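[1] I would like the atomic coordinates for the input below:
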Amino acid sequence: LPPGDIRNCLVALSNAPPVVEKLLQYRYDDDRLGGHSFGNLFITTLHRITGDFSQAVRTAGQVLSIAGEVLPSTTDRVALVANHKDGSVTTGQSEIQNNPSPVETVELRPTPSEVHPDIVHAIKDAGAIVLGPGSLYTSVIPNLLVPGMTRAIRDSYGLKIYICNILTQTGETVGMTAQDHVRAIERHAGGRIFDVVIVNSARSDIPEYRAGQSFVEYDAYELKVMGYRVVEADLIGKFLLHDEEKVARKVIELVNQKVTEETAI
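    Numbers count the residues shown, from 1 in each chain. Okay, here's the model as predicted:
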């Protein structure tokens with residue numbers, strides 16, 4: 001199983017010294033190790049030692065003293081397959097992003113097992129369920145394709161939030177608005193699954209190394225007509241990525257508002 005996203009989640013939640021984060025994100029540049037990061041090799045080795053990917057992730061979390069828990073959406077061996085608008089079909093993240101034709105739909109092949117009960121319980125008990133930011137077709141939507149995942153989200157009383165990307169992504173979302181992002185998620189999830197859409201309202205110059213990308217534009221009124229509460233905020237951090245603290249403050253603010261409203265009722 002690809003450990004990259006799992007590695008990033010573990011790093012984000014780790015209470016280990018900063019040098020550990022640098023260690024896990026370090027990527028070898030020699031041919032023998034094929035450009036892999038140390039963190040990927042660490043998780044892969046734990047997988048071989050424990051014989052179970054979920055247990056490997058739990059063990060990695062213990063070693064890194066993470067605040068919280070990382071649960072893979074599936075541990076089945078599946079491939080991400082994209083159907084493009086020109087009729088072509090690609091498999092795997094890099095192939096999908098390298099195809100010049102826009103993505104129409106994505107799917108998991110073969111269909112994985114029903115979502116694990118641990119994930120269902122975690123979603124049920126969550127005060128907030130946050131989707132994004134991240135690659136729309138190769139990071140965000142694939143998690144929703146695991147059987148039972150969208151049902152678990154809909155059944156939860158937690159506040160469901162979608163954080164839209166700041167910039168379009170070459171190979172996936174060029175020319176797409178926030179409404180297009182939301183419609184793509186609805187199309188794959190079989191309808192609405194979240195309550196709030198957070199969009200970046202700030203603008204700045206786009207550096208040359210992000211050539212071909214543009215800010216994700218949005219129409220707050222249209223999103224409201226689609227049934228969502230829209231939160232507009234300056235979310236820009238370094239390199240035009242999301243600022244973690246700005247995002248965290250906004251999510252906490254929304255959750256506190258929900259708690260206050262429920263208490264008043």
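
[2] the stretch 101-250 of the chain: helices as residue ranges?
    Applying DSSP state H, counting those that start in this stretch to the stretch 101-250 of the chain gives helices spanning 117-125, 141-144, 149-155, 178-189, 220-225, 244-264.

[3] quick one: closest of those helices to residue 39.
    helix 244-264 (18.6 Å; C-beta to C-beta). C-beta here means a position set from N, CA and C on the backbone, and glycine is covered the same way.

[4] now that closest one: buried residues?
    246-247, 250-251, 254-255, 258 (16 or more other C-beta atoms under 10 Å).

[5] these: which two are farthest apart?
    Going by C-beta to C-beta, the pair spanning those furthest: 246 and 258, at 19.3 Å.

[6] now do the same end-to-end measure for stretch 171-187.
    End-to-end distance of stretch 171-187 (C-alpha to C-alpha, to the nearest Å): 19 Å.

[7] okay, buried residues for it please.
    Neighbour-count burial for stretch 171-187, counted by 16+ other C-beta under 10 Å, picks out 171-173, 176-182, 184-185.

[8] any chance of the residues you listed in a markdown table, with distance to residue 35 too?
    Listed next are these as a markdown table, based on distance: C-beta to C-beta, whole Å:
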| residue | distance to residue 35 |
| --- | --- |
| 171 | 19 |
| 172 | 22 |
| 173 | 25 |
| 176 | 29 |
| 177 | 34 |
| 178 | 33 |
| 179 | 37 |
| 180 | 33 |
| 181 | 30 |
| 182 | 34 |
| 184 | 30 |
| 185 | 31 |
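
[9] reformat the residues you listed as CSV; add pLDDT.
    Output for these, formatted as CSV (pLDDT from 0 to 100):
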residue, pLDDT
171, 91
172, 94
173, 97
176, 98
177, 98
178, 98
179, 98
180, 98
181, 98
182, 98
184, 98
185, 98
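
[10] which of these lies closest to residue 126?
    Using C-beta to C-beta, the buried residues of stretch 171-187 come closest to residue 126 at residue 185, 18.1 Å.

[11] mind listing what the spatially closest residue to that closest one that is not a sequence neighbour touches?
    Nearest in space to residue 185, with sequence neighbours left out and distances taken as C-beta to C-beta, 6 or more residues apart in numbering, is residue 141 at 6.3 Å. For residue 141, the contact set (C-beta atoms under 8 Å, 6 or more residues apart in numbering) comprises 106, 184-185, 188.

[12] do the same with residue 96
    By C-beta under 8 Å, 6+ apart, the neighbours of residue 96 are 80, 82, 90, 103, 106, 137-138, 171-172.

[13] tell me which element the nearest residue to it once chain neighbours are set aside is part of?
    Spatial nearest neighbour of residue 96, chain neighbours left out: residue 82 (4.4 Å); criterion: C-beta to C-beta, 6+ apart. Here residue 82, judged by DSSP states H and E, is contained in strand 79-84.

[14] buried ones in that strand?
    Those would be 80-82, 84, for strand 79-84 by 16+ other C-beta under 10 Å.

[15] pull up the gap between residue 97 and residue 136, please.
    Residue 97 sits 11 Å away from residue 136, going by C-beta to C-beta, to the nearest Å.

[16] okay, now the nearest residue to residue 71 once chain neighbours are set aside: neighbour count?
    For residue 71, ignoring the flanking residues on the chain, the nearest one in space by C-beta to C-beta, 6+ apart is residue 119 at 5.2 Å. Counted by other C-beta atoms under 10 Å, the residues lying close to residue 119 total 18.

[17] next up, the contacts around residue 119.
    Per C-beta under 8 Å, 6+ apart, neighbours of residue 119: 71, 73, 149, 152.

[18] between the residues you listed, which has the most around it?
    Highest neighbour count within the contacts of residue 119: residue 149, with 22 neighbours (other C-beta under 10 Å).
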